[in-house]
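# this is a predicted model, with the sequence first.
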Amino acid sequence: MLTDMGTILRQAKKEGYGVAAPNAWSLNTVKSIFEAASELKAPVIIDGAGIHQIEEISDAVHFYEKKFPEVTAALNLDHGGAFEEIIQAIRCGYTSVMVDRSTLTFEENVREVAEIVKIAHAVGVSVEAELGHVGQGFEYEQTRDSGLTRKEEAIDFVKQTNVDALAVSVGTSHGTYHGTPKLEFELLADLHQMVEVPLVLHGGSGTGDDNLKKAVQTGIQKVNLCTDLSNAGLETLKGYLQIDYDHMKKDGSLGEFGNKTANMFDLSNEMRIGYKEALKHYITLFGSVNKA
């Protein structure tokens, strides 16, 4: 069953658990998400980014929604950019949109998010926005502190925009960290107390189980995941191919045909196994098993 993200996260906030929000970019990743959620009886938020084709992800999610009617899920546009992209997602059946205006001034962020909220709420779609800015892992040491959410702005932002969920910057970063993740748990605790709506953590991958578990316990309701799931899929793929990648780099003659027994059907399924098991790990870590 597809529902809006706000409904899922308000329940998580009430009961004190976190909901995994894996990025999906293919039919196989969508299938893996539904299987993991079904097996663990957990709610899940499927993040589909515009770069991965809004229509394709929507079609895949609506297809597997019928195959797994017992699963409670939301389909969320991740890091929605242009106005037209966000409207396209709403028209394609996304039940939530994330409006990313985190690099704009506070006033501009409020104005553009509030406009989308009015449109989305009119058709039952929930809205996530970001205050502060979660940067990229490769520049973590340089940008971490400058992007932290200012708690004195958070209450006004939520009040002026009427968003359903707020992504906050408390020390995480997107992608692979160049440096050691250091989360501001005191800041997060204050935001949890001050802000009525559920809180979202972007950049969950590479942050570490202890940090993520504590973040959920401190007040995070949604954790975005991408890189860790992708890497887990790559690891199972390597095992299937049984290729010594270091040797391949040294011997260019092996090339892409170094393994004569691999086939594309099994290859994609092996990647799916790793992705799915990593997602189940995080669902369990966030305490949302049997919460659907």
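That came in fine, so what should we check first? Numbering: from 1, shown residues only.

# below-threshold pLDDT in the stretch 151-292 of the chain: ranges please.
174-180, 243-262 (pLDDT under 70).

# helices along that one, start to end?
151-161, 185-194, 209-218, 227-241, 245-250, 264-285 (DSSP state H, counting those that start in this stretch).

# pull out the buried positions in the first one.
Applying a neighbour-count criterion of 16 or more other CB atoms under 10 Å, one finds Lys151, Ala154, Phe157, Val158, Gln160, Thr161 buried in helix 151-161. Yep, even glycine has a C-beta here, placed from its N, CA and C like the rest.

# apart from its chain neighbours, what residue comes closest to the fifth one?
In other words, Gln160. Spatial nearest neighbour of Gln160, chain neighbours left out: Val110 (4.9 Å); criterion: CB to CB, 6 or more residues apart in numbering.

# OK, contacts around the one you found?
Residues near Val110 by CB atoms under 8 Å, 6 or more residues apart in numbering: Phe157, Gln160, Thr161.

# ok, the residues you listed vs Leu183, which is closest?
The shortest approach to Leu183 among those belongs to Phe157, at 20.8 Å (CB to CB).

# mind listing the strands for the protein?
19-22, 44-49, 73-80, 96-99, 126-131, 165-168, 199-201, 220-225 (DSSP state E).

# give me the neighbour count for Gly16.
Neighbour count for Gly16, taken as other CB atoms under 10 Å: 11.

# pLDDT value on it, please?
pLDDT, Gly16: 97.

# which residues does it contact?
So Gly16 contacts Gln217, Gly287 (CB under 8 Å, 6+ apart).

# ok, Thr72 next?
Residues counted as contacts of Thr72 (CB under 8 Å, 6+ apart) are Met1, Thr3, Ile8, Ala37, Pro43, Val44, Ala292.

# tell me how far the nearest residue to the fifth one once chain neighbours are set aside lies from Leu2.
Taking CB to CB, 6+ apart, and ignoring the residues beside it in sequence, Pro43 has Thr72 as its nearest neighbour in space, at 4.5 Å. Here the criterion is CB to CB, to the nearest Å. By it, Thr72 lies 8 Å from Leu2.

# next: Val61.
Taken as CB to CB, the span from Val61 to Leu2 is 7 Å.

# neighbour count: these two, which is higher?
Set Val61 next to Leu2 and count neighbours by other CB under 10 Å: Val61 wins out with 24 against 16.

# sorry, back to before: shared neighbours, Val61 and Leu2?
Common neighbours of Val61 and Leu2 (CB under 8 Å, 6+ apart) are Ala73, Leu75, Gly93.

# most neighbours among those, please name it.
Result: Leu75 is most packed of the shared contacts of Val61 and Leu2 (other CB under 10 Å), 28 neighbours.

# tell me how far stretch 33-47 lies from the chain's centre.
13 Å (CA atoms, centre = their mean, to the nearest Å).

# next: stretch 17-34.
9 Å.

# list the buried residues in it.
17-34.

# what does the pLDDT read for the closest residue in space to Val168 that isn't next to it in sequence?
Excluding its sequence neighbours, the residue lying closest to Val168 (CB to CB, 6+ apart) is Thr149, at 4.4 Å. On pLDDT, Thr149 comes in at 91.

# got the contact list for Thr149?
By CB under 8 Å, 6+ apart, Thr149 lies in contact with Leu131, Gly132, Val168, Ser169, Val170, Leu187, Leu191.
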